[in-house]
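# just a sequence and a predicted model for now, questions to come.
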Amino acid sequence: MTDERYTTIAVIDVGTSKVACAIAHISGDNGSISVIGKGTAANTGLRRGVVTDIEKTGAAIKEAVEKAERLSGYRIEHAAVTLSGTHVEGQNSSGQVAVASPDREIRDDDVDRVLEVCRAIQVPSSRMLLNVLPSSYIVDGQEGIQQPRGMIAYRLEARAHLITASMTAVQNLEKCVQAAGISVDEFVPASLAASELTLSETERELGTVLVDIGAETCDIAVFHLNAVVHSAVLPIGAAFVTRDVAIGLKTSLAAAEELKVNYGTCDLRTVSLNEQYTVPDEPGGRRIDRLELARIIEARMRELLEMVSGVVAAAGPEATSAGVVLTGGGAQLQGIDVLAREILRAPVRVAAPEGPVMGLLDDFRGPQQAAILGLFSWVAKGMGEMGVVEEPSAGAGGRIAAAAKGVLGRFRR
């Protein structure tokens, strides 16, 4: 990309089981993402998306960042960071303003003012507002307007989805990132990041539920008419399946994870009665029935998907018009799409990040990377709205600094 104008950005996905950091060039010409550095590290300092040990989480972030820096030749100073946990909550809001200009043409300042009214909700002092996501506009009573700029009207109304989070949970996570020498440009809900490169325009338009299944959380975002209309985070994930397997089969967590990944399934119909496998790293070569393994996995995943079904029901009948999209590490379980179709009664597909992503990907493009790669797209769109582009540096490396710190992601028009 030496002949192109580009922006170099860094992103960090802080998960319950691991931390991932990546650095990429974002093309100023076509918005393509070229990954030039990546790094991962195991994390034991989070539980269900919330920091329980600042030192351990900070060390994991630092390790992942250093790996990405060594591979790319860049030094990270600022980064966008994913945010998860049940403390992340969504709610809908609305507001209206009179069009200010004498010629009654709706301009940017009118849109900004109506979104300010939407965000003027009573947020407890213990919580902070992360995002104001417009879902639709109403122009002089005419509903369903997606882009009101340039229209002639007396009154402009807006409907928006607001996402808030626990102030202390965010501050503790920020402290962990800062311990690694990184300043946070913005926190982005994991479900929004994961949706960027996994949903098609048709799915966003007709109505789709995005379910990002992590280790201990399940992040959900519901899209309709190209906007987020509902969101939630459930306190359950793929790590619960591993623990169930370890308890049910009396194995170590490491052996349970290996059995789950290699032989596990959510679809009992595909399992033969005589299938058996050896428990890894156990003296004596003990063997277990695959059917018993599958029943343990199916039971926990059924519970998870029934909780997702409750969120879908609360979002309304249009939520699954185009189906359900599963992503994240937990979505890689064999047969999960079959079980999800049974429980959610909607078309289901498992998605990995797609789109203009290239570079040092290798094993870095499966469903488990949906959030971190999608975060590049999220940040790039915010920069594009503000026209932020930097020229390539003369040297091979450089610093990654904040291009528009504190602005990205607040208002998505």
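Good, I have the coordinates. Numbering: from 1, shown residues only.
# for this protein, which spans come out with low pLDDT?
Along the chain, segments meeting pLDDT under 70 span 1-4, 29, 384-413.
# show me the domain layout of it.
The chain breaks down by automatic domain parsing into domains covering 89-165, 199-351.
# comparing those, which comes out most buried?
Most buried of the domains of the chain by mean neighbour count (mean count of other C-beta atoms under 10 Å) is domain 199-351; its value is a mean of 19. For the C-beta atoms, the positions are set from N, CA and C on the backbone; glycine is no exception.
# residues touching the closest residue to residue 108 other than its chain neighbours, list them.
Leaving aside its sequence neighbours, residue 108 sits nearest to residue 149 (C-beta to C-beta, 6 or more residues apart in numbering; 6.8 Å). Contact partners of residue 149, counting by C-beta atoms under 8 Å, 6 or more residues apart in numbering, are 106, 107, 108, 111.
# which one is residue 372 nearest to, not counting chain neighbours?
The shortest distance from residue 372 to any non-neighbouring residue, by C-beta to C-beta, 6+ apart, is to residue 13 (4.0 Å).
# check which element follows the host helix or strand of residue 293 along the chain.
Counting by DSSP states H and E, the element that carries residue 293 is helix 290-315. Following helix 290-315 in sequence order, the next helix or strand is strand 324-327 (DSSP H and E).
# from the chain's centre, how far out does that next one sit?
With C-alpha atoms, centre = their mean, to the nearest Å as the basis, strand 324-327 stands 12 Å off its chain's centre.
# what's it in contact with?
The contact list for strand 324-327 (C-beta under 8 Å, 6+ apart) reads 194, 198-199, 203, 208-213, 308, 312, 336-337, 340, 344, 346-352, 367, 370.
# ok, 7 Å please
Strand 324-327 has contacts (C-beta atoms under 7 Å, 6 or more residues apart in numbering) with 194, 198-199, 203, 208-213, 336-337, 340, 344, 346, 348-351, 367, 370.
# strands - which of the residues you listed land there?
Members of the contacts of strand 324-327 lying in strands (criterion: DSSP state E): 208, 209, 210, 211, 212, 213, 348, 349, 350.
# quickly list what the first one is bridged to.
In other words, residue 208. Here residue 208 sits in beta bridges with residue 223, going by DSSP bridges.
# could I get the contacting residues of it?
199, 223, 322, 323, 324, 325.
# with the last one instead?
Going by C-beta under 7 Å, 6+ apart, residue 350 touches 326, 331, 336, 337, 367.
# look up how far residue 352 lies from the first one.
Looking back up the chat, that one is residue 326. 11 Å (C-beta to C-beta, to the nearest Å).
# can you tell me which two in the contacts of residue 350 are farthest apart?
The distance between the two most remote of these (C-beta to C-beta) is 11.5 Å, for 337 and 367.
# save the contacts of residue 208 as JSON lines, and put in distance to residue 231 too.
Below are the contacts of residue 208 laid out as JSON lines (distance: C-beta to C-beta, whole Å):
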{"residue": "199", "distance to residue 231": "14"}
{"residue": "223", "distance to residue 231": "10"}
{"residue": "322", "distance to residue 231": "17"}
{"residue": "323", "distance to residue 231": "18"}
{"residue": "324", "distance to residue 231": "15"}
{"residue": "325", "distance to residue 231": "14"}
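# wait, which of those residues is closest to residue 18?
Distance to residue 18, by C-beta to C-beta, is smallest for residue 325 among the contacts of residue 208, at 22.2 Å.
# sorry, back to before: okay, and the residue nearest to residue 108 sits in which element?
Assigned by DSSP H and E, residue 149 falls within no helix or strand.
# got phi/psi on it?
When read as degrees, to the nearest 10, the backbone of residue 149 gives phi -60, psi 130.
# quick one: it from residue 105, how far?
As for residue 149, its distance to residue 105 is 9 Å (criterion: C-beta to C-beta).
# check residue 11 too.
From residue 11 to residue 105 the distance is 38 Å (C-beta to C-beta).
# tell me which element residue 65 is part of?
Here residue 65 is assigned to helix 54-72, by DSSP H and E.
# what helix or strand does residue 10 sit in?
Using DSSP H and E, residue 10 falls in strand 6-14.
# which ones are touching residue 300?
Residues in contact with residue 300 (C-beta under 7 Å, 6+ apart) are 240, 241, 244.
# residues contacting the residue nearest in space to the middle of the chain?
Note on the chain: the residue nearest the mean C-alpha position is residue 190, at 2.6 Å, using C-alpha atoms, centre = their mean. Applying C-beta under 7 Å, 6+ apart to residue 190 gives the contacts 82, 83, 84, 212, 219, 371.
# what's the burial count for the residue lying closest to the third one once chain neighbours are set aside?
Just to be clear, that refers to residue 84. Spatially, and ignoring its direct neighbours in sequence, residue 84 is nearest to residue 49 (3.8 Å; C-beta to C-beta, 6+ apart). Neighbours of residue 49 under the rule other C-beta atoms under 10 Å: 26.
# same check on the one 10 residues further on?
Neighbour count for residue 59, taken as other C-beta under 10 Å: 19.
# count the residues that sit near the residue lying closest to residue 377 once chain neighbours are set aside.
Closest residue in space to residue 377, ignoring its immediate chain neighbours: residue 196 at 3.9 Å, by C-beta to C-beta, 6+ apart. Residues near residue 196, counting by other C-beta under 10 Å, number 22.
# quickly note the distance from residue 196 to residue 156.
Look at residue 196 and residue 156: by C-beta to C-beta, they are 28 Å apart.
# list the contacts for the residue nearest to residue 84?
16, 84, 85, 216, 217.
# just the endpoints, please. Distance across stretch 93-105?
24 Å (C-alpha to C-alpha, to the nearest Å).
# and for stretch 278-285?
6 Å.
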